[in-house]
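Engineer: sequence and predicted structure are below.
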Amino acid sequence: MIQVPGDMTEMRVMIEQLKDLGKETNEDELIDQAVEDNAQAMLDEALEGHYYSAKLKDNLITIYDVLNEPVGTIKPMETGFSQDFRENSDGLWLYMATELKRILGGR
């Protein structure tokens with residue numbers, strides 16, 4: 001089973017897998033979760049561990065430090081992360097990696 005979809009093809013597979021398990025799905029909610037999960041995975045990789053957290057709320061990803069203080073935000077490339085994911089997931093991940101480097105600076 002796909003844990004964290006990286007593009008719409010994987011998202012469609014995940015939705016079908018969830019349907020086969022009898023679980024209700026909402027594509028927009030699953031995309032939001034995928035964006036947040038991918039941001040967290042990139043953050044964990046950049047910091048070599050789970051020290052900071054990425055949270056998606058109100059179409060803005062906020063990065064929190066170990067004290068749960070916000071240290072930066074990432075806005076969508078276009079009108080929203082859901083649209084970015086649907087139209088250009090590869091571009092979204094490159095953009096997000098660049099934004100995370102900006103936020104983390106020398107950390």
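Structural biologist: Cool, got the structure. Numbers count the residues shown, from 1 in each chain.
Engineer: stretch 67-85: end-to-end distance?
Structural biologist: With C-alpha to C-alpha, to the nearest Å as the measure, the first residue of stretch 67-85 is 30 Å from its last.
Engineer: most centrally placed residue in the chain?
Structural biologist: residue 35 (2.2 Å; C-alpha atoms, centre = their mean).
Engineer: neighbours of the nearest residue to that residue once chain neighbours are set aside, just the number please.
Structural biologist: Computed as C-beta to C-beta, 6 or more residues apart in numbering, the closest residue to residue 35 that is not its neighbour in sequence is residue 81, at 4.6 Å. For the C-beta atoms, the positions are set from N, CA and C on the backbone; glycine is no exception. Residue 81: 24 surrounding residues under other C-beta atoms under 10 Å.
Engineer: do the same with the one 3 residues further on
Structural biologist: Residue 84 is surrounded by 20 other residues when neighbours are defined as other C-beta under 10 Å.
Engineer: so who does the closest residue to it other than its chain neighbours touch?
Structural biologist: Nearest residue to residue 84, sequence neighbours excluded (C-beta to C-beta, 6+ apart): residue 92, at 4.4 Å. By C-beta atoms under 8 Å, 6 or more residues apart in numbering, the contact list for residue 92 reads 35, 77, 81, 84-85.
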